Each structure stands twice: as structure tokens, then as C-alpha cells.
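**Q** Predicted structure and sequence below. I'll ask about it afterward.
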Amino acid sequence: MTTTLESPTAASLLAWYDRHHRDLPWRVSPPMAARGVKPDPYRIWLSEVMLQQTTVPAVKAYFAKFLERWPTVDDLAAAANDDVMAAWAGLGYYARARNLKKCAEAVSADHGGRFPDTEDGLRALPGIGDYTAAAVAAIAFNRQAAVMDGNVERVISRLYAISAPLPGAKPIMKQKVALLTPADRPGDFAQAMMDLGATICTPKRPVCSLCPFNGACQALAGHDPERFPVKAAKKEKPVRQGAAFVAVNDEGEIFLRRRIESGLLGGMTEVPTTGWTARIDGETGIGAAPFPADWQPAGMVTHVFTHFELRLSIWRAKSVSQSDNHDGWWAPVTNLEDQALPTVMKKAIAQAIPNAFAKSL
């Protein structure tokens with residue numbers, strides 16, 4: 001017996017969203033919108049940049065911290081680069097932080113502190129790609145833009161049982177999203193799709209009985225929603241080697257320096273490391289130490305980046321003289337949270353100095 005499926009509609013999803021939307025600090029919920037509250041483009045943009053490759057629970061604290069320090073895009077544009085990088089530390093993908101600052105500067109200097117209200121205008125800003133431009137245009141400015149993140153990909157691939165693997169299937173998925181996106185309430189539709197993927201149409205054990213699309217879902221009709229989205233076989237990540245050198249002086253300070261602006265972790269703070277990259281290994285032995293000291297082995301840490309795994313041999317030296325700053329600076333071990341240290345560097349320091357980051361690692 002063949003099951004006749006309904007046609008999916010935005011109306012059914014929006015009715016579900018009105019009842020079951022998530023309350024998020026950057027969001028204007030349907031009840032708030034009914035009272036005339038308008039979305040703040042700055043908050044929408046900031047949250048969307050933070051949420052790339054990061055979860056909602058992880059972003060909330062960072063979002064609150066940024067808003068407290070820089071309530072407007074003009075405030076962020078005027079901030080010191082080092083302060084922004086330090087506030088971003090731990091969110092990963094540090095090129096986003098550099099582009100965040102550049103984008104704020106462009107909006108402040110070139111647009112009078114007001115974000116462009118079209119996809120094309122937003123896409124012309126530094127660091128804003130197709131996804132962020134569509135999301136901000138739809139959510140902040142009610143433009144009929146097709147917004148597609150990982151949650152939306154999962155929903156749309158199941159709804160239409162799209163068997164082509166990602167990432168090649170993205171264009172057809174976006175076409176489907178564009179056809180479903182209504183001229184009325186496109187921002188709420190985009191957020192509803194995200195909420196549906198995050199709470200109902202989850203990667204494992206989706207709660208199909210509660211889904212507003214369950215009468216139209218081709219994957220559910222085929223009794224195999226977890227098959228979608230289909231993904232191309234993952235390539236095994238290469239493993240890279242390197243070393244990190246943690247030096248402490250008699251005042252309880254640790255030696256730090258700044259990485260070059262370009263490349264991985266560009267502009268962030270580090271303890272001295274060897275020349276590893278995603279493509280090549282760095283030296284791992286004491287012969288690569290940045291300056292003479294009583295270096296002692298202190299174990300190893302592993303950190304997984306998007307495209308490779310890094311294994312760092314850790315070397316530690318105590319009572320190091322600070323007469324020569326070696327193109328860096330000395331910072332109190334007890335106050336490292338104020339430094340723009342990425343997670344991999346926090347791991348290296350914690351390996352050499354236990355409990356240095358007890359609250360964050």
C-alpha cells in the first residue's frame with residue numbers, strides 16, 4: 001500500500017515554532033515580535049558568527065560577555081584587537097575573531113554603524129559568507145533568504161529523502177529551502193528550521209511523532225530517517241607532531257608570545273612552539289627550545305583541529321631569568337584567563353602547570 005504524503009508547508013512549521021521556539025538571548029521570540037520588538041542586527045550577526053562550528057550552550061556565555069563589554073557594533077569596532085582575541089579565546093576558529101573585528105570596523109566606518117539590510121550588502125562585508133549573509137538578512141531584516149546550517153541540512157535532507165551525499169548535495173538542498181521559505185516571516189521560518197533540527201529532527205533518534213513535517217517527510221515514510229543526510233566517507237585525519245615550551249620565572253610568571261597574524265591561530269597568544277602546521281611536523285626535542293634553560297620533559301598533549309590532529313611534546317623550565325624577553329612577555333600564571341590563549345595552548349600550559357586552567361579545561 002502506497003502512502004500519500006502531504007506537501008510540506010511553512011505554515012505548519014511556523015505554527016509549531018510559535019508554540020515550541022527556544023528562548024535564546026539574541027532572539028526576538030514570536031511573543032516579543034507581537035509586542036513590536038525588532039531584532040537587533042548586531043546581536044543577530046554576533047550570534048551567527050559565534051555559532052559557526054560551536055554549540056548554543058557554549059556560545060551563550062561568550063555572547064553575554066561580548067555584549068557586556070561591547071554593547072554596539074561601534075564599541076566593538078573601537079576595541080583593541082588583543083582584547084577581542086582574548087575574549088574570543090576558547091571558541092576556536094580564530095580567523096572568525098579577526099574577521100569579526102574587521103567587519104565591525106567596516107560597518108562602523110563605512111555604514112555609519114548600521115548593517116546593510118540585503119544579502120548582497122552583507123556579503124560585501126569582511127568575513128561574511130553566504131550563510132551568515134542569508135541568516136542576518138532573514139532574521140534581522142525579514143528578507144526572503146534561504147538559510148541553511150547543519151540543522152537545516154538534516155531537516156531538508158530527510159523531508160525530501162535526498163540521497164546525494166554532502167557536501168555535493170548542498171545546492172539541491174538550498175533550492176528546496178528557498179522554495180519553502182515564505183515571503184512572510186522568513187526570519188522566523190529560518191529559526192524554526194534550526195530549532196526543529198536541534199530539538200526534534202536530531203541526528204540520532206529523531207522524535208518524528210512530534211514533528212510538524214511528519215506527514216510530509218519522505219525519510220519517515222521510508223522508515224529510515226537516520227540514514228539522512230548522507231555524507232561522503234570521511235578521510236582519516238593526518239597526525240602532526242610538535243613541541244611546546246612552558247617557562248616560569250621565580251615571580252610565578254609564564255613566558256608568552258604572539259603568533260604571526262596569518263595562518264592557523266593567527267594573532268593569538270602562545271607559549272613558544274615549534275613550526276608545526278596542518279601539513280608539516282615541527283621539531284619535538286629540546287634542541288628546538290626558544291632559549292637556554294633547564295628544560296625538562298612534561299608529557300604530551302593531543303588536540304584535534306578540523307583537518308588534522310596535533311600531538312605536542314611539552315617541555316617545562318622553572319626559575320627562568322626574565323632579563324631577556326625573547327620577543328615576548330611574562331604574565332602571571334594566576335591571571336592567564338585574560339590572555340588570548342587558544343585551547344591547545346591552555347592544554348600545553350595545564351600539562352606543565354597542573355590546575356592552571358582548572359575551571360576551563
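**A** Thanks, I have the structure now.
**Q** quick one, helices of the stretch 101-250 of the chain?
**A** 119-123, 130-141, 150-159, 170-180, 186-199, 218-221 (DSSP state H, counting those that start in this stretch).
**Q** For residue 29, find the nearest of those.
**A** helix 186-199 (9.2 Å; CB to CB). Where C-beta positions appear, they are placed from N, C-alpha and C, glycine not excepted.
**Q** Now do that closest one: which elements does it pack against?
**A** Helix 186-199 sits against helix 10-20, helix 130-141, helix 150-159, with contacts defined as 3 or more CB pairs under 8 Å, 6 or more residues apart in numbering; DSSP states H and E.
**Q** can you redo the ones you listed as JSON lines with mean neighbour count?
**A** Formatted as JSON lines, those follow (neighbours: other CB atoms under 10 Å):
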{"stretch": "helix 10-20", "mean neighbour count": "17"}
{"stretch": "helix 130-141", "mean neighbour count": "24"}
{"stretch": "helix 150-159", "mean neighbour count": "24"}
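**Q** a markdown table please, covering those and showing mean pLDDT and distance to residue 294.
**A** Below are the helices and strands packed on helix 186-199 laid out as a markdown table (pLDDT from 0 to 100; distance: least, CB to CB, whole Å):
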| stretch | mean pLDDT | distance to residue 294 |
| --- | --- | --- |
| helix 10-20 | 97 | 61 |
| helix 130-141 | 98 | 49 |
| helix 150-159 | 97 | 48 |
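**Q** export those to TSV and tack on distance to residue 242?
**A** Conversion of the helices and strands packed on helix 186-199 to TSV gives the following (distance: least, CB to CB, whole Å):
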stretch	distance to residue 242
helix 10-20	47
helix 130-141	32
helix 150-159	30
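**Q** From residue 35, how far out is the closest residue to residue 23 other than its chain neighbours?
**A** Distances taken as CB to CB, 6 or more residues apart in numbering place residue 29 nearest to residue 23, at 6.2 Å, with adjacent residues excluded. Here residue 29 is placed at a distance of 10 Å from residue 35 (CB to CB, to the nearest Å).
**Q** Name the residue in these two with the higher neighbour count.
**A** With neighbours defined as other CB atoms under 10 Å, residue 29 and residue 35 compare such that residue 29 has more, 17 against 8.
**Q** I figured that one was touching residue 21, is that so?
**A** Yes: in this structure, residue 29 is within contact of residue 21 by CB atoms under 8 Å, at 5.6 Å.
**Q** related to what we said a few turns ago, any idea which of the helices of the stretch 101-250 of the chain gets closest to residue 250?
**A** helix 130-141 (47.9 Å).
**Q** for that closest one, packing partners?
**A** By 3+ CB pairs under 8 Å, 6+ apart, helix 130-141 packs against helix 41-51, helix 119-123, helix 186-199.
**Q** closest to residue 11 out of the ones you listed?
**A** Here helix 186-199 is closest among the helices and strands packed on helix 130-141 (CB to CB), at 9.8 Å.
**Q** picking up where we left off before, right, so of the helices of the stretch 101-250 of the chain, which gets closest to residue 227?
**A** helix 218-221 (6.8 Å).
**Q** counting contacts, what elements does the closest one pack onto?
**A** Helix 218-221 packs on helix 150-159, going by 3+ CB pairs under 8 Å, 6+ apart.
**Q** Next, the angle helix 130-141 makes with the helix it packs on.
**A** 100 degrees (axes from the mean of the first three to the mean of the last three CA atoms, to 10 degrees).
**Q** I'd like to know which elements helix 150-159 is packed against.
**A** By 3+ CB pairs under 8 Å, 6+ apart, helix 150-159 packs against helix 170-180, helix 186-199, helix 218-221.
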